[in-house]
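# Got a predicted structure plus its sequence, pasted below:
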Amino acid sequence: MEIKHTAIAGTLESSDIQIMLSKIEGPTEIELESAVEKQFGTQIRTLMQTILDQYGLTNVKIKAVDKGALDCTIKARLITVIQRATDKQNDPDWEVLG
């Protein structure tokens, strides 16, 4: 799967996360800004990397601003931004979504 353009999903509201995904040259970068980073930063990054791996995405940059989102919200937002960035909104990868 290939990133075709930069995309964004989510809001800056409480209990949500805003994620921007873009293609870069070099290894994948996950930039996380979160009030709960000390407690959950590693878990959030691991979840994001797992989803990127499921989609086979490399050489991407994630910029995430977390406002206390649960794992299910983080997953939903990241899948949404991946579908937007790869122009797959109307043709989701059901194996990854399952």
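Noted; the coordinates are in hand.
# any idea where the strands of the protein begin and end?
7-9, 17-23, 29-34, 60-66 (DSSP state E).
# Export those strands as a markdown table, with columns for distance to T42.
For glycine as for every other residue, the C-beta is placed from the backbone atoms N, C-alpha and C. As requested, the strands of the chain are exported to a markdown table (distance: least, C-beta to C-beta, whole Å):
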| stretch | distance to T42 |
| --- | --- |
| strand 7-9 | 22 |
| strand 17-23 | 16 |
| strand 29-34 | 10 |
| strand 60-66 | 13 |
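# and of those strands, who's closest to A85?
strand 7-9 (3.9 Å; C-beta to C-beta).
# lowest-pLDDT helix or strand in this protein?
When the helices and strands of the chain are scored by mean pLDDT, DSSP states H and E, helix 94-97 comes last with a mean of 67.
# And the residue nearest the centre of the protein?
For the chain, the residue nearest the mean C-alpha position is L78 (3.1 Å; C-alpha atoms, centre = their mean).
# In space, what's closest to that residue - neighbours in sequence excluded?
I51 (5.1 Å; C-beta to C-beta, 6 or more residues apart in numbering).
# Tell me how many other residues surround the one you found.
17 (other C-beta atoms under 10 Å).
# same deal with T50?
Neighbour number of T50 under other C-beta under 10 Å is 11.
# For K67, see how far away it is.
The gap separating T50 from K67 is 21 Å, by C-beta to C-beta, to the nearest Å.
# go on, G26?
28 Å.
# Among the two, which residue is more densely surrounded?
K67 (18 against 8).
# right, and the more buried one touches G10 too?
No - K67 lies out of contact with G10 (C-beta atoms under 8 Å); the separation is 9.0 Å.
# Can you pull the residues that touch both of those two?
Shared contacts of K67 and G10, defined by C-beta atoms under 8 Å, 6 or more residues apart in numbering, comprise D16, I17.
# Can you show me the CA trace of the longest helix along the chain as CSV?
The longest helix of the chain (DSSP state H) is helix 37-55. What follows is helix 37-55, C-alpha atoms only, in CSV (Å, rounded to 0.1, in the frame of the first residue of the first chain):
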residue,chain,number,x,y,z
GLU,A,37,2.4,10.1,27.4
LYS,A,38,4.3,9.0,30.5
GLN,A,39,1.7,6.4,31.4
PHE,A,40,0.6,5.3,27.9
GLY,A,41,3.0,6.7,25.3
THR,A,42,4.7,3.3,24.7
GLN,A,43,1.4,1.6,24.4
ILE,A,44,0.0,4.2,21.9
ARG,A,45,3.2,4.0,19.8
THR,A,46,3.1,0.2,19.8
LEU,A,47,-0.6,0.2,18.7
MET,A,48,0.1,2.6,15.9
GLN,A,49,3.1,0.6,14.7
THR,A,50,1.1,-2.6,14.7
ILE,A,51,-1.6,-1.0,12.5
LEU,A,52,1.0,0.4,10.1
ASP,A,53,2.6,-3.1,9.9
GLN,A,54,-0.8,-4.7,9.2
TYR,A,55,-1.2,-2.3,6.2
